[in-house]
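**Q** Turn this into a structure:
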Amino acid sequence: MANFLKKRWVMILAAVLITAAVVGLSIYRDSMTKMLDKAEYSDLSNAFKESAEEGYFTSQSSLQEFITKWADDIDLEYKIDKAGNIIFSKDATERKKKISPTVVCVSYNYETARENARLLAGAAMIARADITSGSRTVIFVNDEQNNGAGYNHLSKKFFKRKAKVIYLDYGSSAYISNSSFGKKNSAISIKAGRYEPECDTAVKVHISGIDTGVIGTGISKQPDPVSALGTLLARLKSKSAIFQLADFEVGTNGNMYPVSIDATIMLNSYNVSSFTKYIDKRIKAWEKAYSKDYEELTYTYEVIDDSEKLPTESYSRKATARLANVLYTLQSGLYKYEESDDIPEGREAGDICGINAITGLHAEDGYIYVDIMTQAYNDTYMDRIMSDNTASAELFDCKLSETSSVPRFLNEKDSLKRTLISTHYKLNSSSSSGGTLKSDFDNYFTPCSYLAAKNENADVIHLRLNPENSSSMINTIICYIAYKGNNFLI
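**A** Okay, the predicted model is just below:
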């Protein structure tokens with residue numbers, strides 16, 4: 001009986017020790033793999049979002065000040081370069097000096113801070129993570145108006161020979177990518193002198209309250225004030241009315257969607273009634289299409305028939321008609337693969353192969369310029385869209401000029417991509433949402449083109465976060481940086 005009790009106690013003690021070991025291992029594993037403080041991340045995300053909603057971010061400097069004040073409050077060192085890029089750098093620890101450096105880049109733009117709150121907070125949490133690792137650099141790249149200036153001015157010293165570079169952004173779907181479209185900026189020039197008006201009445205059109213954004217695959221859902229003006233001019237032309245454009249001003253944002261337009265269209269009084277009825281229909285159509293997503297949207301007009309208040313100069317009827325024709329024929333929207341195309345592997349007919357967007361309208365030195373930004377999968381599809389744009393110009397004796405070009409991004413290395421997918425799976429496979437990180441294509445331009453140009457040997461990928469996975473992805477990146485060079489067994 002005594003031996004039985006002794007054996008029984010030994011078995012119980014062994015079970016207790018095994019249970020304690022399992023619990024201890026579980027606690028240790030959690031401490032090693034749950035490196036993101038979710039509460040702190042949530043608080044910082046909310047702070048970005050609330051500051052944007054309260055109107056604090058009125059310029060790049062105000063958003064920069066918010067980020068640097070956060071860093072100052074927690075004694076996190078940073079540098080700001082001449083282009084306004086905010087750079088957080090941590091040297092490699094002694095035993096990880098031979099590990100390839102990691103660079104995380106995120107665009108900061110005060111006009112998109114609200115929707116990118118979780119993205120900006122995530123990059124901040126990576127910068128402040130208290131981990132031992134190889135060289136780590138987190139860069140908030142100044143990308144005001146999405147013009148690439150901050151990326152172009154980044155020093156190549158951050159992108160060493162075998163650097164692992166992660167570009168982070170935010171959207172509705174989450175995935176990892178190693179390719180994206182190229183981009184070209186161009187402008188159609190229309191010769192347009194100023195003369196005394198031939199018409200006796202004016203209609204002033206005003207559109208505003210449009211949120212801007214980076215031009216991408218959602219272009220068909222975006223209100224386009226320039227095309228709206230083109231629609232009005234095309235209506236007058238189709239009715240053989242005498243009309244002239246007296247003036248216009250477009251709220252442009254570089255390589256982002258335009259946000260407003262004010263334009264004065266001159267015509268004769270006998271055409272005003274039918275024209276304003278048409279505008280009323282356009283206003284109703286806009287309200288139906290956009291008012292739900294753009295609560296501040298305003299589309300109004302005013303008739304001016306007092307001769308003393310009429311514009312004293314306007315563009316000629318010929319120049320105005322050319323502008324109407326160009327805006328009518330110019331395709332602003334998505335281009336898609338056709339059955340007859342040599343469709344790349346992984347794509348199919350109906351997928352997006354290009355994007356063509358009107359980014360603005362301006363007058364200078366006797367010309368009206370229609371500003372265009374074009375994105376495409378490769379040179380073949382870029383040439384196709386640019387040919388269409390050229391035809392829209394030359395058909396009406398106008399000229400298309402290319403102003404800048406950035407090549408497509410394609411990274412044929414797969415080390416970083418595979419490792420991040422594997423790390424994410426190991427960290428999240430037991431969660432309710434699963435641990436699969438989808439690999440997909442970027443059917444639009446990304447700043448990865450700028451980053452890849454810094455060093456052809458760098459391993460560059462694009463990682464898109466979404467509302468459901470942002471915290472798990474930020475944790476994945478932190479764990480990847482911390483465990484790089486170690487055996488990562490969970």
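
**Q** Show me where the chain has its helices.
**A** Remark: helices assigned in the chain by DSSP state H are 2-33, 38-53, 60-73, 117-128, 149-152, 225-238, 272-290, 317-329, 379-394, 415-428, 448-452, 470-483.

**Q** Go through these and name the closest to residue 168.
**A** Closest to residue 168 of the helices of the chain, according to C-beta to C-beta: helix 117-128, at 6.1 Å. All C-beta atoms are positioned from the backbone trio N, CA, C, and that covers glycine.

**Q** Touching the closest one from outside, list them.
**A** Helix 117-128 has contacts (C-beta atoms under 8 Å, 6 or more residues apart in numbering) with 36-37, 40-41, 44-49, 52, 67, 70-71, 74, 76, 78, 88, 104, 106, 108, 113, 136, 138, 140, 168-170, 465, 467, 470-471, 473-474, 477-478, 481.

**Q** Just list whatever residues bridge to the spatially most central residue of the chain.
**A** In the chain, the centroid-proximal residue (C-alpha atoms, centre = their mean) is residue 214; its distance is 3.9 Å. With DSSP bridges as the criterion, residue 214 is bridged to residue 256.

**Q** would JSON lines of the helices of the chain with mean pLDDT be doable?
**A** Below are these laid out as JSON lines (pLDDT from 0 to 100):
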{"stretch": "helix 2-33", "mean pLDDT": "47"}
{"stretch": "helix 38-53", "mean pLDDT": "97"}
{"stretch": "helix 60-73", "mean pLDDT": "98"}
{"stretch": "helix 117-128", "mean pLDDT": "97"}
{"stretch": "helix 149-152", "mean pLDDT": "97"}
{"stretch": "helix 225-238", "mean pLDDT": "97"}
{"stretch": "helix 272-290", "mean pLDDT": "97"}
{"stretch": "helix 317-329", "mean pLDDT": "97"}
{"stretch": "helix 379-394", "mean pLDDT": "97"}
{"stretch": "helix 415-428", "mean pLDDT": "93"}
{"stretch": "helix 448-452", "mean pLDDT": "97"}
{"stretch": "helix 470-483", "mean pLDDT": "94"}
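
**Q** Need the ones you listed in CSV (columns: mean neighbour count and distance to residue 205).
**A** Shown next, in CSV, are the helices of the chain (neighbours: other C-beta atoms under 10 Å; distance: least, C-beta to C-beta, whole Å):
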stretch, mean neighbour count, distance to residue 205
helix 2-33, 10, 58
helix 38-53, 16, 30
helix 60-73, 16, 31
helix 117-128, 24, 34
helix 149-152, 20, 33
helix 225-238, 20, 7
helix 272-290, 14, 7
helix 317-329, 21, 14
helix 379-394, 17, 23
helix 415-428, 18, 49
helix 448-452, 24, 37
helix 470-483, 23, 41
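
**Q** what's the closest of these to residue 365?
**A** Nearest to residue 365, of all those, is helix 317-329, at 13.7 Å by C-beta to C-beta.

**Q** and that closest one, what other elements does it pack with?
**A** strand 182-191, helix 225-238, strand 243-253, strand 367-376, helix 379-394 (3 or more C-beta pairs under 8 Å, 6 or more residues apart in numbering; DSSP states H and E).

**Q** And those: which comes nearest residue 278?
**A** helix 225-238 (5.4 Å).

**Q** Quick one: work out the angle between that closest one and strand 243-253.
**A** 170 degrees (axes from the mean of the first three to the mean of the last three C-alpha atoms, to 10 degrees).

**Q** domain assignment for the chain?
**A** 1-33, 38-179+414-483, 183-407 (automatic domain parsing).

**Q** hmm, back to that, ok, the residue nearest to the centre of the chain touching residue 253?
**A** No: shown here, residue 214 and residue 253 do not form a contact pair, counting by C-beta atoms under 8 Å, at 9.7 Å.

**Q** what residues are up against the residue nearest to the centre of the chain?
**A** Contacts of residue 214 (C-beta under 8 Å, 6+ apart): 112, 146, 255, 256.

**Q** To residue 154, which of the helices and strands packed on helix 317-329 lies closest?
**A** Short answer: strand 182-191, nearest of the helices and strands packed on helix 317-329 by C-beta to C-beta, at 17.6 Å.

**Q** Can you mark which positions in the closest one are buried?
**A** Under the neighbour-count criterion of 16 or more other C-beta atoms under 10 Å, strand 182-191 has 182, 183, 184, 185, 186, 187, 188, 189, 190 buried.

**Q** Excluding chain neighbours, give the residue nearest to residue 346 in space.
**A** residue 441 (6.6 Å; C-beta to C-beta, 6 or more residues apart in numbering).

**Q** pLDDT wise, what is that neighbour at?
**A** Here the pLDDT value assigned to residue 441 is 92.

**Q** give me the number of residues near it?
**A** Applying other C-beta atoms under 10 Å, we find 17 residues neighbouring residue 441.

**Q** go on, residue 157?
**A** Neighbours around residue 157, by other C-beta under 10 Å: 9.

**Q** Pull the contacting residues for residue 439.
**A** Contacts of residue 439 by C-beta under 8 Å, 6+ apart are 175, 176, 177, 417, 421.

**Q** Tell me the spacing between it and residue 461.
**A** 10 Å (C-beta to C-beta, to the nearest Å).

**Q** Need the pLDDT of the closest residue to residue 404 other than its chain neighbours.
**A** What sits nearest to residue 404 in space, not counting adjacent residues and going by C-beta to C-beta, 6+ apart, is residue 185, at 4.5 Å. Per-residue pLDDT puts residue 185 at 98.

**Q** Pipe the contacts of residue 214 into TSV and attach neighbour count per row.
**A** Formatted as TSV, the contacts of residue 214 follow (neighbours: other C-beta atoms under 10 Å):
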residue	neighbour count
112	24
146	23
255	22
256	23
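
**Q** Looking at the residues you listed, which is nearest residue 338?
**A** residue 255 (27.2 Å).
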